[in-house]
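Engineer: From the sequence below, what's the structure:
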Amino acid sequence: MTDHSGARTDAELVAAAAAGSDLAFRALYRSHVRAVYALARAMVGTATDAEDVTQETFLVAWRKMSGLELESESLLPWLVTICRFQAANRIRRQKRDREHLASALDESLPAGADVEQAVISSELVGRISGQLSTLSTLDQEIFRLCAAEGYGYSEAAAHLGVSHGVVRNRLSRIRSALRATITSEGS
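Structural biologist: Numbers count the residues shown, from 1 in each chain. Below you'll find the model as predicted:
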């Protein structure tokens, strides 16, 4: 069953992708990636986060393709649902990470800290949180595991399914960016 132009329908492409066809999945991706990205961008606000949410959406779609029974002529409504869940998860995770970072920094203030120092520290927390929110999901997870939870490079790599070198290199880049954020405090 093809449409009038001879192109395969989403239902045909879904069936082929569910049977393992990379070409069929790529065709579905090309067909719907712009719409999914536009929705992700509207929900999460930044291009980097929207790209990550779009990628996560299609990854979930690929994993669940084999059990999918398409209820309409288009795959897009299903992809939109996945995208909304992925974007909501990202927003919740970022909020939780910001709160965790802020509370960790608040706890580090001495009891007798003066008001001026507290204001400067609060501004610094905001800048650091802002810097962390620009990181990719993988970089945020690497930072969380290594810096906040004390994982070693190898442990974090095993947990995330990446190599030791990826964790080491990305964490070095993250730390450099955060150092730049911290040292620009006096600027």
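Engineer: from what I can see Glu51 touches Val33, true?
Structural biologist: No. Counting by Cβ atoms under 8 Å, Glu51 stays clear of Val33, with 10.3 Å between them. Using the backbone N, CA and C atoms, a C-beta is placed for each residue, glycine as well.
Engineer: Tell me which other helices or strands the lengthiest helix in the chain touches.
Structural biologist: In the chain, with assignment by DSSP state H, the single longest helix is helix 76-107. Packing contacts for helix 76-107, counted by 3 or more Cβ pairs under 8 Å, 6 or more residues apart in numbering; DSSP states H and E, involve helix 22-44, helix 47-64, helix 115-133, helix 137-143.
Engineer: Show me the chain divided up by domain.
Structural biologist: Domain ranges of the chain: 10-90, 109-186, per automatic domain parsing.
Engineer: Which among those is found nearest to Ala102?
Structural biologist: Nearest of the domains of the chain to Ala102, taken as Cβ to Cβ: domain 109-186 at 5.3 Å.
Engineer: tell me the mean pLDDT for the closest one?
Structural biologist: Domain 109-186 shows a mean pLDDT of 72.
Engineer: repeat for stretch 46-55
Structural biologist: The average pLDDT within stretch 46-55 is 91.
Engineer: State the distance from Glu155 to Ser163.
Structural biologist: 13 Å (Cβ to Cβ, to the nearest Å).
Engineer: What is the neighbour count of Glu145?
Structural biologist: For residue 145 the amino acid is Leu, not Glu. 20 (other Cβ atoms under 10 Å).
Engineer: Does it touch Val162 like I think?
Structural biologist: No. Assessed by Cβ under 8 Å, Leu145 is found out of contact with Val162, at 11.1 Å.
Engineer: and the residue sitting nearest the centre point of the chain, how far is that from Leu28?
Structural biologist: Nearest to the mean C-alpha position of the chain, by Cα atoms, centre = their mean, lies Thr137 at 3.7 Å. Remark: distance between Thr137 and Leu28 (Cβ to Cβ) = 23 Å.
Engineer: tell me the angle the longest helix of the chain makes with helix 47-64.
Structural biologist: For helix 76-107 against helix 47-64, the angle by axes from the mean of the first three to the mean of the last three Cα atoms, to 10 degrees is 130 degrees.
Engineer: could you list every residue that touches the closest residue to Val162 other than its chain neighbours?
Structural biologist: Ranked by Cβ to Cβ, 6 or more residues apart in numbering and with sequence neighbours excluded, the top spatial neighbour of Val162 is Leu138, at 7.3 Å. By Cβ atoms under 8 Å, 6 or more residues apart in numbering, Leu138 lies in contact with 160, 162, 170.
Engineer: What about those, which are in helices?
Structural biologist: 160, 170.
Engineer: Including distance to Glu12 and neighbour count, could the contacts of Leu138 go into CSV?
Structural biologist: Converted to CSV, the contacts of Leu138 look like this (distance: Cβ to Cβ, whole Å; neighbours: other Cβ atoms under 10 Å):
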residue, distance to Glu12, neighbour count
Leu160, 36, 16
Val162, 35, 15
Arg170, 40, 21
